[in-house]
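Undergrad: Have a look; sequence and predicted model below, questions after that.
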Amino acid sequence: MEFYQKLRNIRKENGMSQEDLADQLGVSRQAVSKWESGQGFPETDKLLQISTLFRVSLDYLLKGEQGEASGNEEPGYYASREMVEGFLLSKRQGALRIGIGVAIIILSIIFVFIPGDDRGNILFLLGVAAGVAVLVAQGFRPKRYAELETQPLLFDSAFIKEFRNSHMAYRKRYGLVIIIGIILVVISCAATMLFDGLPEASEERAKAFLPLFWAIATFLFINAGSALNTEGIIANNAEHMKEQENDKRNGWVWGSIMPLSAMGFLAVGFIWNAWHPGWLVFPIAAMVCVGITGWRNSR
C-alpha cells in the first residue's frame, strides 16, 4: 500500500474531509488532494503532523508494510491506535449494559419466592420487562467500528506488539473474574443442599437469595467474556476471521437453542414452580450448542 492510499484511508477512518485535514495541517485542500492522488508528497514537517494527528508511526506512512511485516500484499483495513481504543471502550460500555440488563432479569426471580402473594409474580414480570428494556435499548444503539469486527485488520507493527503484550497480562485478570463467577455458581448449588433441611417457610426465604449469586456470576461472565473476545479480535485477528466464518455457518444453532431454553426455563418455573432445578436448562443448552457446532466444524 502506497503513502497516498494510507493517507486517504486513515483520513476517512477518522471521519475527516480533505478540507478538515488541510485546516489541521495548515495547507490548501488542493495540496491534500494531490497527496491522496499520488501527484505530490508532503514535506517532512507535514509528515510529522500527520503522524501525530492520526497516531500512526512514520514507519507505517513511509514504508510499504502491510500490518506487521513489509512486503505482505494481503488486503486489509488499517486500524489506528485511536480507533482500537475507541472500539474497546465502546465494547466495554455495551457489555456493561448487557450485563446489567441480564442481571436485572435474573434478580427478578427473587420476587417469585414471595409466598402466597400475587404481587411477587407482578414484580417478577416488571423486573423482566425492565431488564429486557435495557437489552433492547442497547440493541438499538448505533454500532460503531463494525469494520474492526468484520474485516482483516492492518496495524502499525509497534502498536500491535505493545497491545499483544498488554492483552496477555489482562487475560489473567479476566480469567480470575470468570473463576469468581464459577465459585458463586458452585456456592449457590451447595447452598440448595443445605436449605433442604430447613422448614418450608425458611427454605423459601433462603432460596430467595440464590438469584443474587446467579446475577453477580452472570454479570461477571458477560463482562469478562466480552473483554476477552474484544481484545482477541485485535490481538489475534487472523484467528478471529476464521472463527467468524464458523459463526456464519453455526450462528443459527445458538440463535435458536438458547431462546428455546429461556422459554423452557420460564415454563418450568411458572407451571411446576421448579425455578431452582429449572436453571440447569441453560448449561445443558450451552453444552448442546457446543456439541453441535463442534460436530459441524469437524465435518
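TA: That came in fine, so what should we check first?

Undergrad: Now for T150: which residues touch it?
TA: Q244 (C-beta atoms under 8 Å, 6 or more residues apart in numbering). In this view, the C-beta of every residue, glycine as well, is placed from N, C-alpha and C.

Undergrad: and stretch 163-178, C-alpha only, in PDB?
TA: Presented in PDB, the C-alpha positions along stretch 163-178 are these (Å, rounded to 0.1, in the frame of the first residue of the first chain):
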ATOM      1  CA  PHE A 163      -1.100  -4.400  22.500                       C
ATOM      2  CA  ARG A 164      -0.500  -8.100  22.500                       C
ATOM      3  CA  ASN A 165       1.800  -7.800  25.500                       C
ATOM      4  CA  SER A 166      -0.800  -6.000  27.500                       C
ATOM      5  CA  HIS A 167      -3.500  -8.400  26.300                       C
ATOM      6  CA  MET A 168      -1.600 -11.400  27.700                       C
ATOM      7  CA  ALA A 169      -1.300  -9.600  31.100                       C
ATOM      8  CA  TYR A 170      -5.100  -8.800  31.200                       C
ATOM      9  CA  ARG A 171      -6.100 -12.300  30.200                       C
ATOM     10  CA  LYS A 172      -5.100 -13.500  33.700                       C
ATOM     11  CA  ARG A 173      -7.300 -10.900  35.300                       C
ATOM     12  CA  TYR A 174     -10.300 -11.800  33.100                       C
ATOM     13  CA  GLY A 175      -9.700 -15.400  33.900                       C
ATOM     14  CA  LEU A 176      -9.700 -14.600  37.700                       C
ATOM     15  CA  VAL A 177     -13.100 -12.800  37.300                       C
ATOM     16  CA  ILE A 178     -14.600 -15.800  35.500                       C
END
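
Undergrad: buried residues in it?
TA: Buried residues in stretch 163-178, counted by 16 or more other C-beta atoms under 10 Å: F163, H167, R171, Y174, V177, I178.

Undergrad: For the first one, what is the enclosing helix or strand?
TA: Secondary-structure element containing F163, defined by DSSP states H and E: helix 157-195.

Undergrad: Check which helices and strands that helix sits against.
TA: Counting contacts by 3 or more C-beta pairs under 8 Å, 6 or more residues apart in numbering; DSSP states H and E, helix 157-195 packs against helix 58-62, helix 81-107, helix 200-207, helix 210-235.

Undergrad: any low-confidence regions in the stretch 151-299 of the chain?
TA: Scanning the stretch 151-299 of the chain with the threshold set as pLDDT under 70 gives 195-205, 246-254, 275-277, 279, 294, 296-299.

Undergrad: How is this structure divided into domains?
TA: 3-63, 82-235, 242-299 (automatic domain parsing).

Undergrad: Measure how the helix or strand in which M287 is found sits relative to helix 157-195, angle-wise.
TA: Assigned by DSSP H and E, M287 belongs to helix 281-298. Angle between the axes of helix 281-298 and helix 157-195 is 140 degrees (criterion: axes from the mean of the first three to the mean of the last three C-alpha atoms, to 10 degrees).

Undergrad: and helix 281-298, which residues are buried?
TA: Those would be V281, F282, A285, C289, T293, for helix 281-298 by 16+ other C-beta under 10 Å.

Undergrad: Which other helices and strands does that helix contact?
TA: Using 3+ C-beta pairs under 8 Å, 6+ apart, helix 281-298 is in contact with helix 237-272.

Undergrad: what about the helix it packs on, distance to the chain center?
TA: Centroid displacement of helix 237-272 relative to its chain, using C-alpha atoms, centre = their mean, to the nearest Å, is 16 Å.
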